[in-house]
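Visitor: Structure here, sequence nowhere to be found:
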């Protein structure tokens, strides 16, 4: 699903967001992207959905070379990717229903199908009775569920989540992660950027560890039980 | 365009209407500034239109007068022959023969109460003449001069007068009106376009989050821009309607107040308001400005990912 080859992301002033990152994520995998603040997690996610252009290297997402995509081709790529943010990014003046169906409007779905799919997704996420509410009337956990519904309503093959539980208390965080895990169980490839150790502990998935823009560790679940973290495959 | 694209288009248009409803103050601000600008443009167009009507009327009165040799009343066959010859010249629309008696009658009529001074004349001193009316496209000195020279070549003609100074003044005035109109029009358009671009940019800032989310979920550049184009076009149309309405109100109010001044400036012509084509032109200018301003302010949006 994702291949990155020697990717650099350099900003003006010779500061690096990412340095020589190479990795591969298979279709249907669940991957945690972890590391301290400023390690490059958000930069990596932004590169994957074409919000940034790498300074060097190649990025392949769902068969498309993102590094070579023209601005006009980026929307097509983004319709294949659901993205969730820590701050939800909901439109405050629109209802829950309208916030979710925006994805399907842009995909050009007929109104009837659009309504049915949005309603069904919101019901699946426990928001069936919140359709006409504005986001400010919802709790943080509910707002994040709306954001997840918006990201998943188009059945994207790839879901990217940038600190999706960062603004939530632990119970709500697990609730949100369960929803993301459910999407994974339905076949979606998932990448979650987080520095919350409780999530890593509770959900035993592959971990990519970034530090100062470098990928320093790629730890797969099969190494969790019989090897302590320090013996996992360490990348230079 | 397939059905999916049509649905996206409809969705973009709905988004535009939603945007207008979400930012009514910005919409009103844009419409007001555009209406003020269009009111200025409309006032200028109205003045030019009425000036041109006066100039056209003056132009219609422009003619070449070819005087025949004095004391030689031409025979009817000569009159017919000369008339046919002059009518065949390019730029001539009508030729009228005025015999010496008709000329004297006209002079008497023009003198009015002073006509008594003609009583002492022993003989009619006025020569017969041909009054040659010019076609609409030939009312400039450069076209009248060679025509007058050709007419003067006829041996029956003694003198040709065509009011050279007046024609030159008329041509200059017409040119000045057109150039002033073009310069003022271009300046006003530029100012209005900048005003519209500024207000669209305000709307753009007000909807940054919406655009960001639309981009995030895969909206194309056109999908994002289309609502703003629609909004610009709607603002332009509403502003044009407001400007035409205000202008009509001011025109009706101003007529009685400025009656004497207008009578002096326009002569016998009654001032006229715009017809359907001019109103349509103002609407077109308004819509064009709205869309143009949106295009101007959205150029940078295209460069962002």
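Guide: Ah, there it is. Just so we're clear, the structure is a prediction, and the values are computed from it rather than from any experiment. Residues are numbered from 1 along each chain as shown, chains lettered A, B, ... in the order given.
Visitor: List the contacts of stretch B:288-295.
Guide: The contact list for stretch B:288-295 (Cβ atoms under 8 Å, 6 or more residues apart in numbering or on different chains) reads B:30, B:34, B:37-38, B:189, B:192-197, B:199-200, B:225, B:228-229, B:231-237, B:239. C-betas here are computed from N, CA, C, even on glycine.
Visitor: Can you go through those and name the buried ones?
Guide: Buried members of these, counted by 16 or more other Cβ atoms under 10 Å in any protein chain shown: B:30, B:34, B:37-38, B:189, B:192-193, B:195-197, B:199-200, B:225, B:228-229, B:231-237, B:239.
Visitor: give the contact list for the most centrally placed residue in chain A.
Guide: With the centre of chain A defined as its mean C-alpha position, the nearest residue by Cα atoms, centre = their mean is residue A:160, 1.3 Å away. Counting by Cβ under 8 Å, 6+ apart, residue A:160 touches A:45, A:48-49, A:81-84, A:191, A:193.
Visitor: quick one: residue A:213 from residue A:7, how far?
Guide: Distance from residue A:213 to residue A:7, counting by Cβ to Cβ, to the nearest Å: 10 Å.
Visitor: Tell me which of the two has more neighbours.
Guide: Neighbours per residue (other Cβ atoms under 10 Å in any protein chain shown) separate residue A:213 from residue A:7, with residue A:7 holding more: 26 against 22.
Visitor: Now for that one: which residues touch it?
Guide: A:18, A:20-22, A:47, A:54, A:56-59.
Visitor: Not counting residues beside it along the chain, what's closest to it?
Guide: In space, residue A:7 comes closest to residue A:57 once its chain neighbours are excluded; the distance is 3.5 Å by Cβ to Cβ, 6 or more residues apart in numbering or on different chains.
Visitor: Now for residue B:246, which secondary structure element holds it?
Guide: Using DSSP states H and E, residue B:246 falls within helix B:221-257.
Visitor: Show me chain A divided up by domain.
Guide: Following automatic domain parsing, one gets these domains for chain A: A:1-80+A:156-236, A:91-155.
Visitor: and if you look at chain B?
Guide: B:3-58+B:169-303, B:63-161.
Visitor: now these in CSV, with distance to residue A:217?
Guide: CSV is the format used below for these (distance: least, Cβ to Cβ, whole Å):
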stretch, distance to residue A:217
domain B:3-58+B:169-303, 29
domain B:63-161, 86
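Visitor: Quickly, which of those domains bottoms out on average pLDDT?
Guide: With a mean of 81, domain B:3-58+B:169-303 has the lowest mean pLDDT of the domains of chain B.
Visitor: Which secondary structure state is assigned to residue B:67?
Guide: Following DSSP: H, G, I helix; E, B strand; the rest coil, residue B:67 is assigned to strand.
Visitor: same check, this time on residue A:4
Guide: At residue A:4 the chain is in strand, as set by three-state DSSP.
Visitor: State the three-state secondary structure for the closest residue to residue A:173 other than its chain neighbours.
Guide: Distances taken as Cβ to Cβ, 6+ apart place residue A:165 nearest to residue A:173, at 3.5 Å, with adjacent residues excluded. What three-state DSSP gives for residue A:165 is coil.
Visitor: quick one: contacts of the top helix by length along chain A?
Guide: Identified as the longest helix of chain A according to DSSP state H is helix A:170-185. By Cβ under 8 Å, 6+ apart, the list of residues contacting helix A:170-185 from outside reads A:28, A:30, A:84, A:125, A:139-141, A:144-145, A:148, A:152, A:159, A:161, A:164-165, A:168, A:190, A:192, A:196, A:198-199, A:202-203.
Visitor: ok, and which of the domains of chain B has the densest surroundings?
Guide: With neighbours taken as mean count of other Cβ atoms under 10 Å in any protein chain shown, those reach their highest mean count in domain B:3-58+B:169-303, at a mean of 17.
Visitor: tell me the pLDDT at residue 61?
Guide: No chain was given, so I picked chain A. pLDDT, residue A:61: 93.
Visitor: Actually, chain B is the one I wanted.
Guide: Here, the pLDDT recorded for residue B:61 equals 71.
Visitor: Against residue B:83, how distant is it?
Guide: Distance of residue B:61 to residue B:83, computed by Cβ to Cβ: 20 Å.
Visitor: now do residue A:200
Guide: Using Cβ to Cβ, residue A:200 is found at 108 Å from residue B:83.
Visitor: And for residue B:206?
Guide: Relative to residue B:83, and taking Cβ to Cβ, residue B:206 is found at 74 Å.
Visitor: now residue B:74
Guide: 10 Å.
Visitor: swap in residue A:29?
Guide: 101 Å.
Visitor: Hmm, residue B:45 is touching residue B:275, no?
Guide: No. In this structure residue B:45 lies outside contact range of residue B:275 using Cβ atoms under 8 Å: 11.6 Å.
Visitor: what's near enough to touch the residue nearest to residue A:173?
Guide: For residue A:165, the contacting residues are A:144, A:172-173, A:176-177, A:194, A:196, A:199, by Cβ under 8 Å, 6+ apart.
Visitor: Please apply the same query to residue B:213.
Guide: With contacts defined as Cβ under 8 Å, 6+ apart, residue B:213 is in contact with A:89, A:91, A:102.
Visitor: in a helix, that's where it is, yeah?
Guide: Yes. Counting by three-state DSSP, residue B:213 is found in a helix.
Visitor: Within range of chain B, give me the residues from chain A.
Guide: A:49-53, A:71-72, A:74-79, A:83, A:89, A:91, A:93, A:102-103, A:105-111, A:150, A:154 (Cβ under 8 Å from any Cβ of the partner chain).
Visitor: gap between residue B:212 and residue A:202?
Guide: 32 Å.
Visitor: next SSE after the longest helix of chain A?
Guide: Counting by DSSP H and E, the next helix or strand C-terminal to helix A:170-185 is strand A:189-193.
Visitor: Could I get the buried residue list for the following helix or strand past that next one?
Guide: Sequence-wise, the next helix or strand downstream of strand A:189-193 (DSSP H and E) is helix A:197-202. Judged by neighbour count using 16+ other Cβ under 10 Å, the buried positions of helix A:197-202 are A:199-200.
Visitor: What segments of the stretch 101-250 of chain B are helices?
Guide: Using DSSP state H, counting those that start in this stretch, the helices assigned to the stretch 101-250 of chain B run over residues B:141-152, B:164-206, B:208-216, B:221-257.
Visitor: Tabulate these (CSV), appending distance to residue B:129.
Guide: Converted to CSV, the helices of the stretch 101-250 of chain B look like this (distance: least, Cβ to Cβ, whole Å):
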stretch, distance to residue B:129
helix B:141-152, 11
helix B:164-206, 17
helix B:208-216, 76
helix B:221-257, 41
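Visitor: Looking at those helices, spot the one closest to residue B:88.
Guide: helix B:141-152 (10.4 Å; Cβ to Cβ).
Visitor: now residue B:166: how far from chain A?
Guide: Look at residue B:166 and chain A: by Cβ to the nearest Cβ, to the nearest Å, they are 62 Å apart.
Visitor: who touches that residue in this structure?
Guide: By Cβ under 8 Å, 6+ apart, the residues touching residue B:166 are residue B:62.
Visitor: Quick check: closest non-adjacent residue to the residue in the stretch 1-150 of chain B positioned nearest to chain A.
Guide: Proximity of the stretch 1-150 of chain B to chain A (Cβ to the nearest Cβ) peaks at residue B:4, 3.7 Å away. The spatial neighbour of residue B:4 that comes closest, neighbours along the chain excluded (Cβ to Cβ, 6+ apart), is residue A:108 at 3.7 Å.
Visitor: Hmm, the one you found is touching residue B:11, no?
Guide: Yes. Counting by Cβ under 8 Å, residue B:11 is a contact partner of residue A:108 at 7.4 Å.
Visitor: show me the contacts for residue B:198.
Guide: When contacts are counted by Cβ under 8 Å, 6+ apart, residue B:198 touches residue B:297.
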